[in-house]
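Participant: Have a look at this prediction, sequence included:
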Amino acid sequence: MRIHLIAVGERMPAWIATGFEEYRKRLGAECSLQLHEIPAEKRTAGQNIERVLQKEATRILAALPRDCHIVALERQGKSWSTTDLADKLRQWLQSGRDVALLIGGPEGLASDVQQRAHEQWSLSALTFPHPLVRVMVAEQVYRAYSILKNHPYHK
């Protein structure tokens with residue numbers, strides 16, 4: 001199974017890329033993690049934010065793998081514990097379908113992208129920098145995978 005982390009934004013700081021790569025490479029072939037960066041639409045004063053979100057939505061939807069399980073990362077989503085995520089990961093692995101985890105830009109995801117998602121996941125009630133979310137998601141996926149494999153990392 002492949003997990004596709006589809007995230008708005010390009011050219012992240014080196015420490016973000018390094019952090020993401022550290023956890024990505026720890027996952028085995030059974031559960032690979034791939035990053036797909038979506039160009040953010042340029043934001044200017046007085047710009048229609050709905051139009052910006054729609055342009056990003058078009059790019060996000062085009063990047064979705066065929067017949068994948070879609071999870072939108074949203075503040076209003078359901079909060080999962082690490083063991084909840086491990087249970088989700090087990091279900092995803094058993095389904096045989098790829099999974100797409102979606103991270104929006106500064107204003108989040110367009111409503112049509114949210115509606116297309118099968119689930120919405122909230123990392124926290126706190127607001128995090130969007131680049132940092134990439135690293136946090138990669139680490140949590142690795143942590144959940146380590147639980148499934150009885151690896152001592154989680155402890």
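Facilitator: Sure thing, it's come through.

Participant: correct me, but Ser95 touches Cys68?
Facilitator: No. Using CB atoms under 8 Å, Ser95 is not in contact with Cys68, being 10.0 Å away. The way it works is simple: take the backbone N, C-alpha and C, and place the C-beta from them, glycine included.

Participant: From the neighbour counts alone, determine which of these two ranks first.
Facilitator: More crowded of Ser95 and Cys68, by other CB atoms under 10 Å: Cys68, with 18 against 11.

Participant: any idea how far the more buried one is from Ser81?
Facilitator: From Cys68 across to Ser81, the span is 24 Å (CB to CB, to the nearest Å).

Participant: center of the protein, which residue is that?
Facilitator: When CA atoms, centre = their mean is applied to the chain, the residue found nearest the centroid is Leu101 (3.3 Å).

Participant: can I assume that residue sits in a strand?
Facilitator: Yes. With DSSP: H, G, I helix; E, B strand; the rest coil as the criterion, Leu101 is assigned to a strand.
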